[in-house]
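Colleague: Here is a sequence with its predicted model. Questions after.
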Amino acid sequence: MKQVPFARSSLNHDDVFILDTEKKIYQFNGTNSNVQERAKALEVIQFLKEKYHEGTCDVAIVDDGKLDTESDSGEFWVLFGGFAPIGKKVIGEDDVVPESTPTKLYSITDGDLKIVEGELSRGILENNKCYLMDCGVEVFLWVGRVTQVEERKAASQVAEEFVASQNRPKATRITRLIQGYETHSFKSNFDSWPAGAAAPGAEEGRGKVAALLKQQGVGVKGMTKTAPVNEEIPPLLEGGGKMEVWCINGSAKTPLPKEDIGKFYSGDCYIILYTYHAGDRKEDYFLCCWIGKDSIENDQKMAARLANTMFNSLKGRPIQGRIFQGKEPPQFIALFHPMVVLKGGLSSGYKKYVAEKGLLDETYTSDGVALFRVSGVSVHNNKIMQVDPVASSLNSTECFCLQSGSSVFIWHGNQSTFEQQLLAAKVAEFLKVVLLQLQWFITFVETHCMELRDLFLNK
């Protein structure tokens, strides 16, 4: 990022610009600018707003090529003396295009890159890994659908570090792709890429859901994308069983009501007992403790102790385990529809710890503002995380649910998949069922909705 002269000639179609005025900050998105640049600009705007405007000024997004004289776009161009065509970008040192290089594919494991040798074919890509493809002027980050959120974040960091280490220009694009939604430019680098076929009835189901959402006035993106390839689903426990969940509070365990099963607070510990039938056996049990990352040691020990007591009372028959937040196996996640991880905790031990340490209690409440990230696309990775309700938490490859007062907004990233959009709607309904005491309405918004941006930027 660098400061440029305040003149129309400084603008171009390839970059993002920020214009800081006394009462409003404008973000100008060049037609050819990428998602990473636009997201970074929003972070810079938030910094400028807090540091130089005491957090009170307005923020306006101006899209290149869209002129409306009565909107923020009109105000923006008036500052430059009126609208006029933008010239081509002047090539600088940061924009030098590297010499053509042969395409290289790397697998990403524990933050390290390992080159993939041999012929490039679709079969090389494993759905539990991330890959980086270097095409010189563009870098692709391919994400397998079974990968965990932590792996995806680490892979994104590796991609950024790779571009920096190769002395690539700042304009080098890093395109993130989710398995099953690869672009033609990505596929063209492979010697063979078989055409994927949708599962029987999949397209019919999509059409019905799309029609339902359209009837509600909702525009669904991703409906016309290429059907995802068949995914390898890990072995899961038999469905249709009985689920019981207890939250640890002091020396006791409190059973959760049916509508709260699937909600986990980071500051609490839980005991989960799933009773199911497998084959000809009478009953099987899955018994485990879920340990929140912010839970106190006493609650963790009590959860293990009470779980052992239950294990013994069932004569040692359950499959037993201890699961830590962020390390949930797909078999565990698949038991909940969906699994939602909330900030804070409800146990008396957690509350006492927060008070003694003088920490801010961020425990989720039904009447506050809460943002939920929807990144899963299958029954075994449909874990929903509550994240900080700030603009920098958003990204264009995922969907988000924003709870604000008596409203729930569903935000669709413009690169999100159809499955993510369906899961986001399911999460909104889950919140709606849990919070019966409020009169809820659900609003679907796209990435260009200014009302939702205001909820973040005017905080």
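Modeller: Ah, there it is. Numbers count the residues shown, from 1 in each chain.

Colleague: show me where this structure has helices.
Modeller: In the chain, the segments counted as helices under DSSP state H are 35-52, 72-78, 149-165, 184-187, 202-215, 297-313, 330-333, 348-357, 418-434, 450-457.

Colleague: Now the weakest link among the ones you listed, please, by mean pLDDT.
Modeller: Ranked by mean pLDDT, the helices of the chain bottom out at helix 202-215, which scores a mean of 44.

Colleague: that older thread, closest to residue 255 out of the helices of the chain?
Modeller: helix 297-313 (12.1 Å; Cβ to Cβ). Heads up, the C-betas are built off the backbone N, CA and C, glycines and all.

Colleague: and the closest one, which residues are buried?
Modeller: Buried residues in helix 297-313, defined by neighbour count with 16 or more other Cβ atoms under 10 Å: 298, 299, 300, 302, 303, 304, 306, 307, 310, 311.

Colleague: which other residues reach it?
Modeller: For helix 297-313, contacts defined as Cβ atoms under 8 Å, 6 or more residues apart in numbering pick out 246, 248-251, 253, 268-271, 273, 287-289, 291, 318, 320, 322, 347, 349-350.

Colleague: any idea which of the buried residues of helix 297-313 is closest to residue 102?
Modeller: Nearest to residue 102 among the buried residues of helix 297-313, counting by Cβ to Cβ, is residue 300 at 51.8 Å.

Colleague: I'd like to know how many residues surround the closest residue to residue 335 other than its chain neighbours.
Modeller: Distances taken as Cβ to Cβ, 6 or more residues apart in numbering put residue 274 closest to residue 335, at 5.8 Å, once the chain neighbours are dropped. With neighbours defined by other Cβ atoms under 10 Å, the count for residue 274 comes to 21.

Colleague: Likewise for the one 10 residues further on?
Modeller: Neighbour count for residue 284, taken as other Cβ under 10 Å: 17.

Colleague: If I follow the layout properly, it ends up in contact with residue 242?
Modeller: No. Between residue 284 and residue 242 there is no contact, the gap being 11.3 Å when judged by Cβ atoms under 8 Å.

Colleague: Mutual contacts of those two, please.
Modeller: With contacts taken as Cβ under 8 Å, 6+ apart, the residues that reach both residue 284 and residue 242 are 275, 276.

Colleague: Now for the nearest residue to residue 20 once chain neighbours are set aside: which residues touch it?
Modeller: Distances taken as Cβ to Cβ, 6+ apart put residue 48 closest to residue 20, at 5.7 Å, once the chain neighbours are dropped. Residues counted as contacts of residue 48 (Cβ under 8 Å, 6+ apart) are 18, 20, 25.

Colleague: Give me the distance between residue 48 and residue 161.
Modeller: In this structure, residue 48 and residue 161 are separated by 27 Å, where distance is defined by Cβ to Cβ, to the nearest Å.

Colleague: Got the domain ranges for the protein?
Modeller: 8-90, 104-187, 234-350, 365-459 (automatic domain parsing).

Colleague: can you list those domains in TSV and add distance to residue 2?
Modeller: Rendered in TSV, the data for those read as follows (distance: least, Cβ to Cβ, whole Å):
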stretch	distance to residue 2
domain 8-90	10
domain 104-187	10
domain 234-350	37
domain 365-459	21
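
Colleague: right, and those domains - which one's nearest residue 193?
Modeller: domain 104-187 (4.6 Å).

Colleague: Show me how far that closest one is from its chain's centre.
Modeller: The chain centroid and the centroid of domain 104-187 are separated by 18 Å, computed with Cα atoms, centre = their mean, to the nearest Å.

Colleague: Run a quick neighbour tally on residue 141.
Modeller: Residues contacting residue 141 under the criterion other Cβ under 10 Å number 21.

Colleague: so what pLDDT did residue 71 get?
Modeller: 73.

Colleague: Relative to residue 55, how far out is it?
Modeller: Separation of residue 71 from residue 55 (Cβ to Cβ) stands at 23 Å.

Colleague: low-scoring pLDDT stretches of the stretch 351-459 of the chain, where are they?
Modeller: Scanning the stretch 351-459 of the chain for pLDDT under 70 picks out 377-379, 432-459.

Colleague: Can you show me the strands along it?
Modeller: Applying DSSP state E, counting those that start in this stretch to the stretch 351-459 of the chain gives strands spanning 369-374, 383-387, 399-404, 407-412, 441-446.

Colleague: Please point out which parts of the first one sit buried.
Modeller: Going by neighbour count (16+ other Cβ under 10 Å), the buried part of strand 369-374 is 370, 371, 372, 373, 374.

Colleague: For the spatially closest residue to the first one that is not a sequence neighbour, the count of nearby residues, please.
Modeller: Think residue 370. Spatially, and ignoring its direct neighbours in sequence, residue 370 is nearest to residue 403 (4.5 Å; Cβ to Cβ, 6+ apart). Taking other Cβ under 10 Å as the criterion, the count of residues near residue 403 is 25.

Colleague: now residue 292
Modeller: The number of residues packed around residue 292, counting by other Cβ under 10 Å, is 26.

Colleague: Against residue 399, how distant is it?
Modeller: In this view, residue 292 and residue 399 are 24 Å apart by Cβ to Cβ.

Colleague: what's the answer for residue 163, then?
Modeller: Distance of residue 163 to residue 399, given as Cβ to Cβ: 27 Å.

Colleague: try residue 413
Modeller: Distance from residue 413 to residue 399, counting by Cβ to Cβ: 6 Å.

Colleague: Comparing those two, which shows the higher neighbour count?
Modeller: Using other Cβ under 10 Å as the criterion, residue 413 and residue 399 rank with residue 399 on top: 25 against 22.

Colleague: Tell me who's in contact with residue 175.
Modeller: Applying Cβ under 8 Å, 6+ apart as the definition, the contact partners of residue 175 turn out to be 34, 138, 139, 140, 141, 183, 186.

Colleague: cutoff 6 Å now
Modeller: Listed by Cβ atoms under 6 Å, 6 or more residues apart in numbering, the contact set of residue 175 reads residue 140.

Colleague: same deal with residue 52?
Modeller: Taking Cβ under 6 Å, 6+ apart as the contact definition, residue 52 lies against nothing.

Colleague: Neighbours of residue 359, how many?
Modeller: Using other Cβ under 10 Å, residue 359 has 10 neighbouring residues.

Colleague: Leaving out sequence neighbours, find the closest residue to it.
Modeller: Closest to residue 359 by Cβ to Cβ, 6+ apart is residue 353, at 8.0 Å.

Colleague: ok so, going back, among the contacts of helix 297-313, which ones are in strands?
Modeller: The strands in this structure, assigned by DSSP state E, contain 246, 248-249, 253, 269-271, 273, 287-289, 291, 320, 322 from the contacts of helix 297-313.

Colleague: Which members of those residues are the farthest-apart pair?
Modeller: Taking Cβ to Cβ as the measure, those span a maximum distance of 21.7 Å, between 249 and 320.

Colleague: Tell me which residues of stretch 243-259 come out buried.
Modeller: Going by neighbour count (16+ other Cβ under 10 Å), the buried part of stretch 243-259 is 243, 245, 246, 247, 248, 249, 253, 256.
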